[in-house]
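Peer 1: Predicted structure and sequence below. I'll ask about it afterward.
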Amino acid sequence: MEEMKFWKIKQHMPAVVLEDIPAAVAAAFDQVGDRAADLKGKTVGIAVGSRGISHMDTIVKEVVANVKRMGGIPTVFGAMGSHGNGNAEGQREMLASLGITESTVGAAIQCSAEALELGTTPHGAKVYGNPLAFSFDRVILMNRIKPHTDFEDRTESGILKLLAIGIGNPMGAQMVHAKALSIGYGDAIRDAAHMLLEKIPVAFAIAITENWKHETSRIVPFLPEILEEEEAALLAKVKEETVRLPMDDLDVLLVQEAGKNISGTCVDTKVVGRICITGQKEPEKPKIRIVTVLDFTEESHGNAMGLGVVDLITRRAFDKIQIDATALTGTTSLCLHQAKIPCVARNDKEAVEVALRAACVTEPSTCRMAYIKNTNALEELAVSEAVYEELKDRPGIEVISGPFTLHFDENDALLPVLE
């Protein structure tokens, strides 16, 4: 490995950044006019999921503050499907890990893993809902609008998914995923979400978007009666602004960390070019022979669902996995391949060496290899000589430094490559 050369490069692309989050949340309340004014004197449930959304604690805090500004009585409640180990205590711990506690957001927090059966969709799927969602006079839905890791459609991950799977709790999540195997995720989610919209007293939704650096870019309100149309239009904008790896094929992709706070599948399937779900079309690119993950984030709370798309992990990453939490999400979603545990190397150095052998690399100068911090951090990356030669003169690519080689400490852990 000492003879393989790497260069640090940086991708450049415009990125919209929302500078004033409190002002944007207040403006969203003002935009919905009468719907916000109607909160006066009413109990208001604020549905919050389990994703690691940038500044989520601040956004929730500001939503709480604006409910109070309108004279409402706010309560945050968990809406995260089977995450948080599928129980109320785990949901509360998941929210706390995102910085959302009663003291930080200024409101009571309630969690429940129970589910009420609400009816059956036109496609024959039972719909379930968290009973907390029916205990408030009004409900505000909050989620990020982004491409989903498991499918492509006009609506993917967003408010509709928060309703169908998040508020559905473990039973609802299981029903949606089961029906998705026959009719597709988009239709399964929309069917359940529309029934929930008919039954839950939704005042409005707060939609969040992030730029390709995962900085908050928009906070906008959706009215429930036009939610699907608004979400589809916003998702189309987000997709136009998305940045991926700057190359279409690699022998080895080395990922420093994976986790549920980074992606619902621990690594973003659209970044690594693998979905691994029966019936779902695989991305055409990128094509990566071996994907290797060196570490697993503490914020994942051991849930490694999605890590099955990876080929190789280290023992350090493996030791952080909780099999029961991972299995619960796998059996709920029925995406069994994604719930598998990859091959385990003893340490970082062995993981790199095994990845290169498995990719049939014999000549370092021709090896196509890249290193990234995680699949959310694609602004800076390190690339091998063959990739460097391809990218060095491309518009939008800045060469920061190099050449250099990878180094390991006395425990064979990889020393920092990117800051």
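Peer 2: Sure thing, it's come through.

Peer 1: give me the number of residues near the residue lying closest to Cys276 once chain neighbours are set aside?
Peer 2: With Cβ to Cβ, 6 or more residues apart in numbering as the criterion, Cys276 has its nearest non-adjacent residue at 4.4 Å, and that residue is His337. Heads up, the C-betas are built off the backbone N, CA and C, glycines and all. Using other Cβ atoms under 10 Å, the number of residues around His337 comes to 14.

Peer 1: try Val344
Peer 2: Using other Cβ under 10 Å, Val344 is surrounded by 17 other residues.

Peer 1: and if you look at Gly99?
Peer 2: By other Cβ under 10 Å, 14 other residues sit near Gly99.

Peer 1: which residues does the residue nearest to Cys276 contact?
Peer 2: Cys276, Ile277, Thr278, Gly308, Val309 (Cβ atoms under 8 Å, 6 or more residues apart in numbering).

Peer 1: just those now: which is nearest Lys5?
Peer 2: Among the contacts of His337, Val309 lies closest to Lys5 (Cβ to Cβ), at 28.6 Å.

Peer 1: is it true that that closest one touches Ile275?
Peer 2: Yes. Val309 is within contact range of Ile275, at 7.3 Å (criterion: Cβ atoms under 8 Å).

Peer 1: Could I have the buried ones of the contacts of His337 as ChimeraX selection syntax?
Peer 2: One line in ChimeraX is enough to select the buried ones among those; burial here means 16 or more other Cβ atoms under 10 Å:
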select :276,277,308,309
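
Peer 1: Could you find the lowest-pLDDT member of the contacts of His337?
Peer 2: Within the contacts of His337, the minimum per-residue pLDDT falls on Thr278 (77).

Peer 1: Next up, identify which helix or strand Pro283 is on.
Peer 2: Following DSSP states H and E, there is no helix or strand that holds Pro283.

Peer 1: ok, it - contacts?
Peer 2: So Pro283 contacts Thr269, Lys270, Gly273, Arg274, Ile275 (Cβ under 8 Å, 6+ apart).

Peer 1: returning to that earlier point: and the two most separated of the contacts of His337?
Peer 2: Maximum pairwise distance among the contacts of His337 (Cβ to Cβ): 13.5 Å, between Thr278 and Val309.

Peer 1: Enumerate every residue touching the spatially most central residue of the chain.
Peer 2: Among the residues of the chain, the one closest to the centroid is Ser263, at 3.4 Å (Cα atoms, centre = their mean). By Cβ under 8 Å, 6+ apart, Ser263 lies in contact with Thr149, Thr269, Gly306, Thr375, Asn376.

Peer 1: Which pLDDT value belongs to the spatially closest residue to Leu197 that is not a sequence neighbour?
Peer 2: Leaving aside its sequence neighbours, Leu197 sits nearest to Pro224 (Cβ to Cβ, 6+ apart; 5.4 Å). With respect to pLDDT, Pro224 has a value of 97.

Peer 1: close enough to count as contact, Pro224 and Lys199?
Peer 2: No. The criterion here is Cβ under 8 Å, and Pro224 misses it with Lys199 at 11.4 Å.

Peer 1: Between those two, which has more neighbouring residues?
Peer 2: Set Pro224 next to Lys199 and count neighbours by other Cβ under 10 Å: Pro224 wins out with 21 against 14.

Peer 1: my guess is the residue nearest to the centre of the chain is in a strand, correct?
Peer 2: No. Using DSSP: H, G, I helix; E, B strand; the rest coil, the assignment for Ser263 is coil, not a strand.

Peer 1: Pull up the gap between Ala377 and Tyr371, please.
Peer 2: In this view, Ala377 and Tyr371 are 11 Å apart by Cβ to Cβ, to the nearest Å.

Peer 1: Ok, Ala188 next?
Peer 2: Ala188 is 37 Å from Tyr371, by Cβ to Cβ.

Peer 1: from the middle of its chain, how far away would the host helix or strand of Glu257 be?
Peer 2: In this assignment (DSSP H and E), Glu257 forms part of strand 249-258. Its chain's C-alpha centre and that of strand 249-258 lie 18 Å apart, by Cα atoms, centre = their mean, to the nearest Å.

Peer 1: Buried ones in that strand, by neighbour count?
Peer 2: For strand 249-258, by 16+ other Cβ under 10 Å, it's Leu250, Asp251, Val252, Leu253, Leu254, Val255, Gln256, Glu257, Ala258.

Peer 1: ok, that strand: who's next to it in the sheet?
Peer 2: Strand pairing for strand 249-258, using DSSP bridges, gives strand 287-296 (parallel), strand 369-372 (parallel).

Peer 1: which one of the ones you listed lies closest to Ala233?
Peer 2: With Cβ to Cβ as the yardstick, what comes closest out of the strands paired with strand 249-258 is strand 369-372 (30.5 Å).

Peer 1: Report the mean per-residue pLDDT for that closest one.
Peer 2: Strand 369-372 comes out at a mean pLDDT of 98.

Peer 1: right, and the helix or strand after it?
Peer 2: Using DSSP H and E, the helix or strand that follows strand 369-372 in sequence is strand 380-384.

Peer 1: Partner strands of that following strand and their direction?
Peer 2: Next to strand 380-384 in the sheet, as set by DSSP bridges, lie strand 6-11 (antiparallel), strand 369-372 (antiparallel).

Peer 1: Would you map the strands across the stretch 51-200 of the chain?
Peer 2: Using DSSP state E, counting those that start in this stretch, the strands found in the stretch 51-200 of the chain span residues 73-78, 108-110, 116-120, 126-129, 138-144.

Peer 1: So which of those is nearest Ile206?
Peer 2: Of all the strands of the stretch 51-200 of the chain, strand 138-144 sits nearest to Ile206, with 4.7 Å by Cβ to Cβ.
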